[in-house]
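K.L.:
Whatever this is, show me its structure:
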Amino acid sequence: MYDFNPLTPLDLLPLPSSEHVNLDGKRKAEFVRTLHEKVHTNIERRTAQYAQQANKNRRKLVFEPGDWIWLHLRKERFPKQRQIKLSPRGDGSFQVVERNNDNVYRLDLLGEYHISATFNVADLSPFLAGDKHDLRSNPSQEEGNDANDQAAYGDQADPVRVPQGPVTHARAKRFKESLQALVHVGATVH
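P.N.:
Got it, this is the predicted structure:
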């Protein structure tokens, strides 16, 4: 139609003059075949490097049937539970019923949600019984104990024990409060 053959990418490459001018069809076909193999191996090697770099901080989570997990409530999947900005973003604990593969799990939702019980691993996180999560429906509501009991006494096992080293104002105040609490408990027992 245009009275000439369009240029191919191979024609645009800066090839050695001996290979470019060579008119032998078999040798040119062999040259193109080896060139394609080199390009293919280079692409595979670079793809593996990119995947390794992209996944270097990714941790693999694998759950087994019977494990307890937290469920992330996405707006797309749980519109009624995520209507309010301050509503909890997760719910749990749920038990894994079936593991389809490393990325897909089926949960026991106990009938309170009317959706499919199959979830991606990105929406799941392990439930540890010792975790002290804020389980209130609204974290800004009153009447909750937000104090960390262990942090009040530091790393001391006995709160009445006088600490070694200089006694600062904060340490003296904690010692006085714990001593008053001990006296109050002792007075109520007798």
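
K.L.:
So residue 125: helix, strand or coil?
P.N.:
strand (DSSP: H, G, I helix; E, B strand; the rest coil).

K.L.:
I figured it hits residue 68, correct?
P.N.:
No: using Cβ atoms under 8 Å, residue 125 is not in contact with residue 68, being 10.7 Å away. Using the backbone N, CA and C atoms, a C-beta is placed for each residue, glycine as well.

K.L.:
Against which helices or strands is the biggest strand by length in the chain packed?
P.N.:
Longest strand in the chain by number of residues (criterion: DSSP state E): strand 90-99. On a contact count with 3 or more Cβ pairs under 8 Å, 6 or more residues apart in numbering; DSSP states H and E, strand 90-99 meets strand 68-72, strand 104-108.

K.L.:
and the last one, average pLDDT?
P.N.:
For strand 104-108, the per-residue pLDDT values average out at 89.

K.L.:
now the helices and strands packed on strand 90-99 as CSV including mean neighbour count?
P.N.:
Shown next, in CSV, are these (neighbours: other Cβ atoms under 10 Å):
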stretch, mean neighbour count
strand 68-72, 19
strand 104-108, 17
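
K.L.:
Same list (the ones you listed) but as TSV, adding distance to residue 34.
P.N.:
Shown next, in TSV, are those (distance: least, Cβ to Cβ, whole Å):
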stretch	distance to residue 34
strand 68-72	50
strand 104-108	42
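
K.L.:
tell me the pLDDT at residue 9?
P.N.:
74.

K.L.:
ugh, wrong one, I meant residue 116
P.N.:
pLDDT, read off for residue 116, is 81.

K.L.:
Determine the three-state secondary structure at it.
P.N.:
Under three-state DSSP, residue 116 comes out as coil.

K.L.:
how does the protein divide up, domain by domain?
P.N.:
The chain breaks down by automatic domain parsing into domains covering 9-54, 68-126, 151-189.

K.L.:
strands paired with the longest strand of the chain, and their directions?
P.N.:
Taking DSSP bridges as the criterion, strand 90-99 sits next to strand 68-72 (antiparallel), strand 104-108 (antiparallel) in its sheet.
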